[in-house]
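>>> Compute the structure for the input listed below.
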Amino acid sequence: MFFTLTAKDNHDAELMGADTVKLCELQGIRPRLADAKGLASRTENNIRGFKAEFLFARLFDLPPPVVNVLSDGQIDFWLGEYSIDVKCSCREDGPLIFDSPDKFTANIAVAYGQSKGDPRTFKLHGCMSRKTFFEKAYKHDFGYGERYVVDADQLDPIEKLWRLHIQKHMAVAS
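This is a model prediction of the structure:
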């Protein structure tokens, strides 16, 4: 499924991505460098991430993302009792990637890919629990050390997350 940001959400994501890098620099923290292959700057990567977070927030009717000064603890949203980490690839069909097991602290990851033709449009690949991710992940070196990877077509449909949330919410309510 493809989703397109509103002009305002797109603008806010651009500001938040640039602000995040600037806040790190002002604190003396060196943001990660650009992609090893020169595909995107740290600012561009942060902007892309915020764009995906806005899309997820709108899809599940959650408050929009915020800039965290130090860290979000690898948790972008709470959907009821489930912590969510939203990830975004610069490739439309890019995989879900985590640097290491301790970088996947949320219960569930949701993956998007940047559309080839429109910087405001993203493909929602799906979701995967932490446990399932590490059962299915393979290691791959993209040029800056091995990472854990699950291809986009191996992710669970987003409807699974919705069902899980509704079932948990209904069980708590009854």
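>>> Tell me the pLDDT of Ala171.
On pLDDT, Ala171 comes in at 63.
>>> Val66 in helix, strand or coil?
For Val66, the assignment made with DSSP: H, G, I helix; E, B strand; the rest coil gives coil.
>>> and it, how many neighbours?
Applying other C-beta atoms under 10 Å, we find 10 residues neighbouring Val66. In short, each C-beta sits where N, CA and C put it, glycine included.
>>> so who does it touch?
Listed by C-beta atoms under 8 Å, 6 or more residues apart in numbering, the contact set of Val66 reads Met16.
>>> could you check the distance from the nearest residue to Ser89 once chain neighbours are set aside over to Gly126?
Leaving out its chain neighbours, the residue that sits closest to Ser89 by C-beta to C-beta, 6 or more residues apart in numbering is Gly113, at 4.7 Å. From Gly113 across to Gly126, the span is 11 Å (C-beta to C-beta, to the nearest Å).
>>> Equivalent analysis for Trp162, please.
11 Å.
>>> Need the residues touching each of Gly113 and Gly126.
Joint contacts of Gly113 and Gly126 (C-beta under 8 Å, 6+ apart) are Ala152.
>>> sorry, back to before: touching both of Trp162 and Gly126, which residues are there?
When contacts are counted by C-beta under 8 Å, 6+ apart, Trp162 and Gly126 have no shared neighbour.
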